[in-house]
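A.B. asks: Predicted model and sequence below, questions to follow.
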Amino acid sequence: MKKAIFLAHVKDAARQRGGSLKEYLRLIRRLGYEGLECDYSDLEPDPAGFAAMLKEADLQIASVPQWFDFQKSVDPEYISTVVKNVAVAGGKKILAIPGFLDEKYPNALENMVEGLKILCREAAEFGIKVSLEDFDNIQSPCATAEGLAWFFERVPELGFNLDTGNFLYAEQDVLEVTKAFADRITHIHLKDRQETAVYEGQQPQYSIKGRPMYSCPVGQGNIPIKELLAMAEEIGYDGFCSAEHYGVDDQWDFMVRSAQWLNENM
């Protein structure tokens with residue numbers, strides 16, 4: 001398995017500590033990160049130029065999260081454009097955030113299924129795999145294991161993007177749920193969480209039962225990261241694992257500490 005980090009974290013580190021993005025891309029490569037989790041908005045303006053930037057930094061695209069509003073409508077032309085841009089940039093995985101439930105859109109779920117089917121079909125032509133994750137938002141239709149299973153049944157081509165910290169949001173056992181979806185794992189977000197702040201003033205997210213969840217470096221929280229990595233290894237997963245810790249005031253510190261743990265345990 002290979003180590004990756006979110007490009008958004010690298011940008012935050014450069015802004016928080018001062019320095020250029022190019023400089024920090026070189027620094028994270030020295031830490032042992034081989035790939036970047038890149039939002040579609042990062043590559044959309046110039047996919048070929050984005051690919052060249054990563055090549056210069058000796059980095060690859062780990063996966064491309066993209067937010068869709070399928071609950072409102074499905075635009076096949078836009079879907080096709082997204083897929084082609086990801087392909088030009090060198091991406092091989094798209095994490096689809098299909099939209100959010102809203103009473104204003106009574107056909108939201110049907111639209112999401114239609115949009116995901118088109119996305120999977122278009123992506124397959126470029127050798128790109130589409131996945132869903134356990135998204136930690138009460139309005140997400142795939143925040144729980146049951147929601148994910150509903151989509152997997154209707155769109156069998158979908159892979160599972162395991163986010164190790166998000167089933168805690170839904171108050172579900174990540175080990176038990178991952179066992180049920182293990183054969184679908186196509187990408188991994190390594191998100192660790194703990195119930196106390198890492199530093200003064202840090203703001204938590206709360207689970208559906210009101211449990212505080214604070215971002216922390218990978219391997220230093222309450223999520224069974226080692227066991228989940230072992231489970232992924234058992235089913236033959238050898239792709240990228242992207243360290244994720246949004247909402248912290250010193251991303252460089254977190255990226256260094258995550259890299260140290262990953263280098264020792266992966």
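C.D. replies: Everything's here; your move. This one's a predicted model, so the numbers in the text were calculated from it and none came from an experiment.

A.B. asks: Can you tell me the SS state at the nearest residue to residue 125 once chain neighbours are set aside?
C.D. replies: Nearest non-adjacent residue to residue 125, counting by CB to CB, 6 or more residues apart in numbering: residue 83, 7.8 Å away. Every C-beta, even on glycine, is put in place using the N, C-alpha and C of the backbone. Residue 83 falls in the helix class when you classify it by DSSP: H, G, I helix; E, B strand; the rest coil.

A.B. asks: dump the residue contacts of residue 83.
C.D. replies: Residue 83 makes contacts with 94, 119, 122, 123, 125, 126, 128, as judged by CB atoms under 8 Å, 6 or more residues apart in numbering.

A.B. asks: Now the last one, what are its backbone angles?
C.D. replies: Its backbone dihedrals place residue 128 at phi -100, psi 140, with angles given as degrees, to the nearest 10.

A.B. asks: what about it, how many neighbours?
C.D. replies: For residue 128, the count of nearby residues is 19 (other CB atoms under 10 Å).

A.B. asks: now for the longest helix seen in the chain, which elements pack on it?
C.D. replies: Using DSSP state H, we find that the single longest helix of the chain is helix 108-124. Helix 108-124 sits against helix 76-89, strand 93-97, strand 129-133, helix 145-154, with contacts defined as 3 or more CB pairs under 8 Å, 6 or more residues apart in numbering; DSSP states H and E.

A.B. asks: how near is residue 39 to residue 25?
C.D. replies: Distance, residue 39 to residue 25, using CB to CB, to the nearest Å: 15 Å.

A.B. asks: more crowded one of these two?
C.D. replies: residue 25 (20 against 15).

A.B. asks: Correct me if wrong, but that one is in a strand.
C.D. replies: No. With three-state DSSP as the criterion, residue 25 is helix rather than part of a strand.

A.B. asks: Quick check, it in contact with residue 10.
C.D. replies: Yes. Using CB atoms under 8 Å, residue 25 makes contact with residue 10 at a distance of 6.4 Å.

A.B. asks: Okay, and the residue nearest the centre of the chain sits in which element?
C.D. replies: The residue lying closest to the centre of the chain (CA atoms, centre = their mean) is residue 189, at 5.1 Å. Take DSSP states H and E as the rule and residue 189 turns out to sit in strand 185-190.

A.B. asks: Right, I'll call it a day here.
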